[in-house]
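Trainee: Any chance you could fold what I've pasted below:
(chains A and B)
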There are 2 protein chains.
Amino acid sequence: MTGGNGHRGQVHELPRVVIVGAGFAGLAAARVLAGRPIDTTVVDQHNFHTFQPLLYQVATAGLEPADVAYPVRAIFGREPNVSFRCGRVDAVDLDGRRVQLEDGSALPYDYLVLATGAAANFFGISGAARFAEPLYTVRDARRLRNHLLSTLESVDAHPDRYRGGAPVFVVVGGGPTGVETAGALVELIAVSVRRDRLRIDPDRTRVILVDVAPRLLSGFSETAGRYAADTLRGRGVEIHLGERVAEVAAGGVRLADGTTLPADVVVWAGGVTVAGTLADSLPVAQARGGRVVVGPDLSVPGRPEVFVVGDAAAAPLGRGRQGTAPQLAQGAIQTGRHAGQEVLRRVEGEAGAPFAYRDKGVMATIGRHAAVAEVPRLPTVRGTLGWLAWLALHLVYLIGFRNRLVVLLNWTWRYFDWPSGPRLIVADVESETST
Amino acid sequence: MTGGNGHRGQVHELPRVVIVGAGFAGLAAARVLAGRPIDTTVVDQHNFHTFQPLLYQVATAGLEPADVAYPVRAIFGREPNVSFRCGRVDAVDLDGRRVQLEDGSALPYDYLVLATGAAANFFGISGAARFAEPLYTVRDARRLRNHLLSTLESVDAHPDRYRGGAPVFVVVGGGPTGVETAGALVELIAVSVRRDRLRIDPDRTRVILVDVAPRLLSGFSETAGRYAADTLRGRGVEIHLGERVAEVAAGGVRLADGTTLPADVVVWAGGVTVAGTLADSLPVAQARGGRVVVGPDLSVPGRPEVFVVGDAAAAPLGRGRQGTAPQLAQGAIQTGRHAGQEVLRRVEGEAGAPFAYRDKGVMATIGRHAAVAEVPRLPTVRGTLGWLAWLALHLVYLIGFRNRLVVLLNWTWRYFDWPSGPRLIVADVESETST
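Mentor: Predicted coordinates for the structure are as follows:
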């Protein structure tokens, strides 16, 4: 019925760019094109951008979902050449240069930027997809929070069902997400007991972090990994390193060495793979984790008008360096921006340029007054200073002034004793909507 | 296994009060008992109190769910004699003086305050429960918002499916909720077009308000009803008064006179009945709308230790006046407070006192710079002044300082041009959680 309504009447003759995905990579590409004589359409199944680095705070009840999500239309509200289409992409017709949407319509393009992101990788581990909870979308974060808070309420009501008031939380994965979640969980439990007077035995409640790697934060220095482990242990987290998870079941996690850990909630921060099935459907080579192999300029080999960026791409580091850009916000932002610039260059008939990743460092927070930041050519920053640096950086990067202010307000509040306590369980919304 | 764990060890010998429901009425009762030598337990299926008067703003994307919901544990965090139990009440054993929870446990009581609230009344109208959306809980508000925002996105993507970009919204009910929702809908549509550049034809988009009564705001003066109707009409709302809804179907509403109105979304603000089945299960007389008939002191006849308050009760106005307390926040607060005071009097061996409703007036907002407030013995306040009075009153009544500040911030923001636009569609969270 509607075949190709992606471009608006007034900009008919302009080159059409479709960007699939409104994560860090897609938005970075769109920002380069904003204000240019290019008809740009951002497509996403959600009407909002998700600030993924803070999802763990939504999951542990420190922030609200709206604090880390921002409507895409609001971001480009003053950019008439950037429009938004809320919808799910089904397939790409590379020869016909059209993106097929699930609702039956299609968006024609002259240039395509695929920024479809990543999803949790369960590595085929038995029971993981069913019983462990990932932390990659607002929906994941809401679901995990509901599970955590209702488990705490349930311990209060029925301590006998939880080893006499001592729940067990297992976090699988020792990267930044796992470390941050474990640290935040310890704080959530403490405040539940202290402020909300939940009848939980804090001394016997366990937070367990498991990773197959021999140390935490493998993207960081050895020292940073040791600092994170020491800090978490000092706050009561049990750390099992070099241990592979063999199975996740209701109520427990079995390790490869045969050990069984009890678990009332299992958080999955164990790794990522490419999201959705779009990459699989394209005639392109895929690297580890399903990432699309792209050329030096981030375009798909043989398709100079198609770019793959962000977590969905295996983007070469460039400048002769071996390896691919990391699946972090910086990788997404830099590859997205490069694809936008390549489109501009092609439209203007200029020669393309190869992508070169610039390492801006890594950062992870372990909790109050404890974070680690490693920036190239600067000394490692740890402890309170690292934590303040982490706060400042995340505020600066948060999209939209309203969010920044509200998050700052929420953080300040929480810092001064978390007066409103762990927040709403909204599970009813999720479990009763089959009607 | 756990038979009666409602009272904590340290206050064993104190009289035990169970309050079912954490709405305005339940909280008002608990506040009277806070700090007194009484073991008080508030039970609610949600871990939060809902500020119902602002739900329509959540539904129309002006506020976030967390802005109008506040964790019950946080409210009584510093009151050691008030505890909270998150759970659903199944039944009351009046002879055994025990409240049965759905999870199999029971809470014994010496005094019981039932404040279970109201739910939408569909009056048995065909299709209403299925196709019309009420606005009585946070879940309702979230669901309605998702439906409204995704309808607007859908109009943008497929204008041909909506009469060439002209959706129709029908609001059933001309009380405060209906009037406020219709007014807010007009603003939502305007900002969607102006700020978010959605391809909607504002001149042909219809917001229709239907009520069986001959005028709007029947709890207010004739003048107030006329003012609301004139203001809404001036802002483009079509008003059908004296018309009964005969049927709600997918895509339309049929009136009793045979007229059929097209409708992409139908909001149900048509009246309330008692929530849940608890009242039906008790051997008590019920008044119109299922409300429990209570004595002058708000206790159940023959059960001086059981009180019913708030929307669940048909509470006599008192002082010889005919009629019952209105199903508004003031009715709930005043009856809840009275029940708390009666419990105190009984515990202290004092004589009971009859309830007397004090009319503090009524208030409704129609949108920016337009509200009406009628307070006994004061002149009616309308327009900008009424709107400012409405803002101030709602801020004062909002529970918890954090919420008050965030709501004020959101309102101020929105007043100065709604920079973030209509907010997140979180429908994905709701429709895909069967896993």
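Trainee: end-to-end on stretch A:97-117?
Mentor: Stretch A:97-117 has an end-to-end distance of 21 Å (CA to CA, to the nearest Å).
Trainee: can you give me the offset of it from its chain's centre?
Mentor: Taking CA atoms, centre = their mean, to the nearest Å, the mean C-alpha location of stretch A:97-117 is offset from the chain mean by 23 Å.
Trainee: How about stretch A:38-58?
Mentor: Stretch A:38-58 has its C-alpha centroid displaced from the chain centroid by 10 Å (CA atoms, centre = their mean).
Trainee: what distance separates the start and the end of that stretch?
Mentor: Across stretch A:38-58, first to last residue, CA to CA, it's 36 Å.
Trainee: got the residues of the stretch 1-150 of chain A near chain B?
Mentor: Residues of the stretch 1-150 of chain A lying close to chain B (CB under 8 Å from any CB of the partner chain) are A:1-2, A:5, A:45-48, A:64-66, A:69-71, A:73-74, A:77, A:80, A:83, A:85-87, A:103, A:105, A:138-139, A:142-143, A:149-150. To be clear about C-beta, it is placed using only N, CA and C from the backbone, and glycine gets the same treatment.
Trainee: if you look at the residues you listed, which of them are in strands?
Mentor: Under the assignment DSSP state E, the residues of the stretch 1-150 of chain A next to chain B contribute A:48, A:69, A:70, A:71, A:83, A:85, A:86 to strands.
Trainee: Pull the most distant pair out of those residues.
Mentor: Largest separation among those by CB to CB: A:69 and A:83, giving 19.7 Å.
Trainee: Between those two, which is the more surrounded one?
Mentor: A side-by-side neighbour count of residue A:69 and residue A:83, using other CB atoms under 10 Å in any protein chain shown, places residue A:69 first with 27 against 22.
Trainee: which non-adjacent residue is nearest the more buried one?
Mentor: Among residues not flanking residue A:69 along the chain, residue A:48 sits closest, at 4.2 Å (CB to CB, 6 or more residues apart in numbering or on different chains).
Trainee: Tell me which stretches of the stretch 51-200 of chain A form strands.
Mentor: Ranges of strands in the stretch 51-200 of chain A, per DSSP state E, counting those that start in this stretch, are A:69-71, A:82-86, A:89-93, A:98-101, A:106-108, A:111-114, A:118-120, A:132-133, A:168-172.
Trainee: now those strands as TSV including mean pLDDT?
Mentor: Below are those laid out as TSV (pLDDT from 0 to 100):
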stretch	mean pLDDT
strand A:69-71	86
strand A:82-86	96
strand A:89-93	94
strand A:98-101	96
strand A:106-108	97
strand A:111-114	98
strand A:118-120	92
strand A:132-133	97
strand A:168-172	98
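Trainee: okay, these, which one's buried deepest?
Mentor: For the strands of the stretch 51-200 of chain A, the largest average neighbour count (mean count of other CB atoms under 10 Å in any protein chain shown) is found in strand A:111-114, namely a mean of 28.
Trainee: Just checking: what are the partner strands of it?
Mentor: strand A:16-20 (parallel), strand A:303-308 (parallel) (DSSP bridges).
Trainee: Contacts made by that strand with the rest, please.
Mentor: By CB atoms under 8 Å, 6 or more residues apart in numbering or on different chains, the residues outside strand A:111-114 that reach it are A:15-21, A:26, A:29, A:92, A:97, A:99, A:278-279, A:292, A:305-309, A:312, A:336, A:339-340, A:343, A:346-347.
Trainee: close enough to count as contact, residue A:279 and residue A:290?
Mentor: Yes. Taking contacts as CB atoms under 8 Å, residue A:279 lies within contact range of residue A:290: 5.8 Å.
Trainee: Once you drop chain neighbours, what's closest to residue A:254?
Mentor: Of all residues not flanking residue A:254 in the chain, residue A:247 sits nearest, at 4.3 Å (CB to CB, 6+ apart).
Trainee: What segments of the stretch 151-300 of chain A are helices?
Mentor: Taking DSSP state H, counting those that start in this stretch to define them, one finds helices in the stretch 151-300 of chain A at A:176-194, A:222-234, A:278-281.
Trainee: Of all those, which one is nearest residue A:367?
Mentor: Ranking the helices of the stretch 151-300 of chain A by distance to residue A:367, with CB to CB as the measure, places helix A:176-194 first at 3.7 Å.
Trainee: Tell me what angle the closest one forms with helix A:222-234.
Mentor: 20 degrees (axes from the mean of the first three to the mean of the last three CA atoms, to 10 degrees).
Trainee: List the buried residues for helix A:176-194?
Mentor: A:176-193 (16 or more other CB atoms under 10 Å in any protein chain shown).
Trainee: now the stretch 151-300 of chain A, which segments are flagged as low pLDDT?
Mentor: Scanning the stretch 151-300 of chain A for pLDDT under 70 picks out no residues.
Trainee: Around chain B, which positions in it sit nearby?
Mentor: Contact residues, the stretch 151-300 of chain A versus chain B (CB under 8 Å from any CB): A:153, A:156, A:157, A:158, A:160, A:195, A:196, A:197, A:198.
Trainee: model confidence over stretch A:27-38, on average?
Mentor: Taken as a whole, stretch A:27-38 has a mean pLDDT of 96.
Trainee: Identify each buried residue in it, please.
Mentor: Judged by neighbour count (16+ other CB under 10 Å), stretch A:27-38 contains these buried residues: A:27, A:28, A:29, A:30, A:31, A:32, A:33, A:34, A:36, A:38.
Trainee: Quickly name whichever of those is closest to residue A:323.
Mentor: Set against residue A:323, the nearest of the buried residues of stretch A:27-38 by CB to CB is residue A:28 (20.8 Å).
Trainee: The closest one touches residue A:331, doesn't it?
Mentor: No. Using CB under 8 Å, residue A:28 makes no contact with residue A:331, being 10.6 Å away.
Trainee: so what's in contact with those two at the same time?
Mentor: With contacts defined as CB under 8 Å, 6+ apart, no residue is shared by residue A:28 and residue A:331.
Trainee: Return the residues in contact with the residue positioned nearest the centre of chain A.
Mentor: A centroid search over chain A (CA atoms, centre = their mean) returns residue A:52, at 3.7 Å, as the residue closest to the centre. If you count contacts by CB under 8 Å, 6+ apart, residue A:52 has them with A:23, A:24, A:68, A:136, A:329.
Trainee: Can you report how many residues lie near the last one?
Mentor: Close neighbours of residue A:329, defined as other CB under 10 Å, add up to 21.
Trainee: which residues sit in contact with residue A:278?
Mentor: Going by CB under 8 Å, 6+ apart, residue A:278 touches A:20, A:89, A:91, A:92, A:114, A:116, A:312.
Trainee: From chain B, how far off is the fourth one?
Mentor: Counting by CB to the nearest CB, to the nearest Å, the gap between residue A:92 and chain B amounts to 18 Å.
Trainee: I'd say that residue and residue A:279 touch.
Mentor: No. In this structure residue A:92 lies outside contact range of residue A:279 using CB under 8 Å: 10.1 Å.
Trainee: Which single one of the ones in strands among the residues of the stretch 1-150 of chain A next to chain B is nearest to residue B:366?
Mentor: residue A:71 (25.8 Å).
Trainee: who does the closest one bridge with?
Mentor: Assessed by DSSP bridges, residue A:71 has beta-bridge partners residue A:48.
Trainee: how about the strands of the stretch 301-435 of chain A, start to end?
Mentor: Under DSSP E, counting those that start in this stretch, the stretch 301-435 of chain A gives strands at A:303-308, A:313-314, A:316-318, A:321-324, A:362-367, A:370-374, A:381-382.
Trainee: Alright, I will stop here.
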